[in-house]
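1. Pasting a predicted model and its sequence here:
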Amino acid sequence: MRVSSGSVEGMGLCMSDFGVGGFSAVDVPGDVVRIEGVRACGTHGVLDSEHVSPQPFVVDVAMLVDVSFSAASDDLSATVNYAEVAQQVTDVITGEHVDLVETLAVRIADVVLGHEVVEQVEVKVHKPHAPVGLPFSDVSVTVSRSDVRTAVVALGANLGSAGRTLALAVEALRGLPRTSVRAVSSVVETDPVGGLQQPVYVNAVAVLRTTLRPRTLLRALHEIEAEHGRVREVRWGARTLDLDLVQYGRPECEVGDVDVVVDEPDLVLPHPRAHERGFVLAPWVSADPGACLRVGSQVRLVRELLADMGLDEVGLPEGVRPGPEWVVLP
């Protein structure tokens, strides 16, 4: 861990006034990166004297991070850089004055959640020299924050018992860690595209709420596909199961559940062809009538994109028909 000495320059003996350490975070399932005992001085408190004279603060941070990517690649860019986090914590402590330790803790949590790979954070701020007026060993505030996003997953299959496969896939989505399935569309039947002779598809859309980061979620989708025998050999070819991550976050949100835009070899968000696919848009509207999709520089209502395709008497575009009822699993 690195804490820049420049961040605490001029605070003199304040840096010798620490003595609080140790961190007993709430247990969370998953991989946790911890930084304990980040020490700096700041002018936080309700008393006038606390606005002038820096006091010591000690911060412990526990971050829920999927380390499988960084462990496999041995690449720092695939995980959270704890030196950067420690510096950011220090910058918040030494920065703008706040009255409450609670406010300080939340500001630190918000900064840490800004790291792409951090799903959840617990921040514990100690103020060992708080003006309590009685003997005490420590004063601390602990806050926990999660970065929960909406994720849209398109499901499709046209080999084997396709309807049952979709039902099993939805159950697998419900079983993902730190994820809930908020809505599932009706099933539609779709003519295959790409010119290859193959059976018709059944398609659906699931709307999730999750703290899993996009690449972690995408990998989980690929694992579910593999469990059902998916092979990636022929583009537009028949498949036992296809799970596409269509969108992560909501583009109409300016704070909180904002959408993630990525254009990299292993991940493109939102899905670059979602706005052209009636077999995605139609079930999506049935699952989330108010959904929006980012298309280039615009944010469009999904139902408007669907209407632009021209709809039949039951509100579906060409090549898409009402599908079978969902298969009820035993």
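-> Happy to help now that I have it.
2. Now do the strands for the stretch 101-250 of the chain: every range, in order, please.
-> With DSSP state E, counting those that start in this stretch as the criterion, the stretch 101-250 of the chain has strands at 118-126, 140-146, 149-157, 179-184, 188-190, 201-210, 242-248.
3. Show me the protein divided up by domain.
-> 17-146, 149-322 (automatic domain parsing).
4. Who are the contact partners of residue 205?
-> 152, 153, 154, 155, 184, 185, 246, 280, 283, 284, 286, 287 (Cβ atoms under 8 Å, 6 or more residues apart in numbering). Backbone N, C-alpha and C define where each C-beta goes, glycine included.
5. ok, now how distant is it from residue 330?
-> Distance from residue 205 to residue 330, counting by Cβ to Cβ, to the nearest Å: 24 Å.
6. Check residue 293 too.
-> Distance, residue 293 to residue 330, using Cβ to Cβ: 36 Å.
7. who has more neighbours, the two?
-> residue 293 (25 against 2; other Cβ atoms under 10 Å).
8. mean confidence for the one helix or strand the more buried one maps to?
-> Secondary structure from DSSP states H and E places residue 293 in strand 292-295. Averaged across strand 292-295, pLDDT comes to 96.
9. tell me which residues of that strand are tucked away?
-> Buried residues in strand 292-295, counting neighbours by 16 or more other Cβ atoms under 10 Å, are found at 292, 293, 294.
10. In the stretch 101-250 of the chain, where is pLDDT below threshold?
-> Counting by pLDDT under 70, the stretch 101-250 of the chain shows low-confidence ranges at 194-196, 230-238.
11. repeat that for 80
-> Under the criterion pLDDT under 80, the flagged ranges of the stretch 101-250 of the chain are 193-197, 230-239.
12. just how off-centre is stretch 275-294 within its chain?
-> 21 Å (Cα atoms, centre = their mean, to the nearest Å).
13. Quick one: the helices in the stretch 51-200 of the chain, in order.
-> Here the stretch 51-200 of the chain has its helices, by DSSP state H, counting those that start in this stretch, at 68-73, 82-93, 101-112, 162-174.
14. Which one of those lies nearest to residue 53?
-> Smallest distance to residue 53 across those (Cβ to Cβ): 14.5 Å, for helix 82-93.
15. Dump the closest one to CSV, restricted to CA.
-> Extracted as CSV, the C-alpha positions of helix 82-93 are listed here (Å, rounded to 0.1, in the frame of the first residue of the first chain):
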residue,chain,number,x,y,z
TYR,A,82,-4.9,-0.7,-3.9
ALA,A,83,-2.2,2.0,-4.2
GLU,A,84,-4.7,4.1,-6.1
VAL,A,85,-7.5,3.3,-3.6
ALA,A,86,-5.2,4.2,-0.6
GLN,A,87,-4.3,7.5,-2.3
GLN,A,88,-8.0,8.3,-3.0
VAL,A,89,-8.9,7.6,0.6
THR,A,90,-6.1,9.9,1.7
ASP,A,91,-7.3,12.6,-0.7
VAL,A,92,-10.8,12.5,0.8
ILE,A,93,-9.6,12.6,4.4
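16. Residue 157 is in contact with residue 242, correct?
-> Yes: counting by Cβ atoms under 8 Å, residue 242 touches residue 157, with 6.7 Å between them.
17. If you count surrounding residues, which of the two has more?
-> The residue with more neighbours, out of residue 242 and residue 157, is residue 157; 27 against 19, by other Cβ under 10 Å.
18. what are the bridge partners for the more buried one, then?
-> residue 202 (DSSP bridges).
19. Touching, it and residue 165? I think so.
-> Yes: using Cβ under 8 Å, residue 157 makes contact with residue 165 at a distance of 4.6 Å.
20. Give me the common contacts of those two.
-> By the contact definition Cβ under 8 Å, 6+ apart, residue 157 and residue 165 are jointly contacted by 228, 240, 241.
21. Can you give me the first-to-last residue distance of stretch 259-269?
-> 9 Å (Cα to Cα, to the nearest Å).
22. From the chain's centroid, how far away is that stretch?
-> Centre-to-centre, stretch 259-269 and its host chain are 13 Å apart (Cα atoms, centre = their mean).
23. Brilliant, that's me finished.
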